[in-house]
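A.B. asks: pasting the structure only:
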């Protein structure tokens, strides 16, 4: 189970938020990851280039997202 909290500022972190997390997850182990919200990041030129190349691929050799993930799992043990 996971829960996402969106805060407009780090200053919003308070005891009520921590108590809500504790009430939700009880004594289960949890991981807390904090990341800066960058909004809608722009794609880099390289990212756009890779996506453009993918659009030009022959549909006969199309690889579904599931197949792609399976291959990555096998290759990299993800």
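C.D. replies: Thanks, I have it. The shown structure was predicted, so the numbers you read here are calculated from the model rather than taken from an experiment.
A.B. asks: where exactly do the helices run in the chain?
C.D. replies: All helices of the chain, identified by DSSP state H, fall at 15-25, 45-55, 65-76.
A.B. asks: now these in CSV, with mean neighbour count and distance to residue 9?
C.D. replies: Placement of C-beta: from N, CA and C, glycine included. What follows is the helices of the chain, written out as CSV (neighbours: other Cβ atoms under 10 Å; distance: least, Cβ to Cβ, whole Å):
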stretch, mean neighbour count, distance to residue 9
helix 15-25, 11, 12
helix 45-55, 9, 29
helix 65-76, 10, 36
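A.B. asks: nearest to residue 2, out of those?
C.D. replies: Closest of the helices of the chain to residue 2 is helix 15-25, at 9.7 Å (criterion: Cβ to Cβ).
A.B. asks: list the helices and strands the closest one packs on?
C.D. replies: The criterion is 3 or more Cβ pairs under 8 Å, 6 or more residues apart in numbering; DSSP states H and E, and there are no helices or strands that helix 15-25 contacts.
A.B. asks: contacting residues around that helix?
C.D. replies: Contact with helix 15-25 is made by 1, 3, 5, 30, 32, as judged by Cβ atoms under 8 Å, 6 or more residues apart in numbering.
A.B. asks: also stretch 69-78?
C.D. replies: So stretch 69-78 is in contact with residue 63, going by Cβ under 8 Å, 6+ apart.
A.B. asks: quick one: average pLDDT of that stretch?
C.D. replies: Here stretch 69-78 scores 89 as its mean pLDDT.
A.B. asks: cool, stretch 51-66 as well?
C.D. replies: Averaged over stretch 51-66, pLDDT sits at 87.
A.B. asks: check stretch 32-43 too.
C.D. replies: Stretch 32-43 comes out at a mean pLDDT of 86.
A.B. asks: and the contacts of it?
C.D. replies: Contact partners of stretch 32-43, identified using Cβ under 8 Å, 6+ apart, comprise 6, 21, 51.
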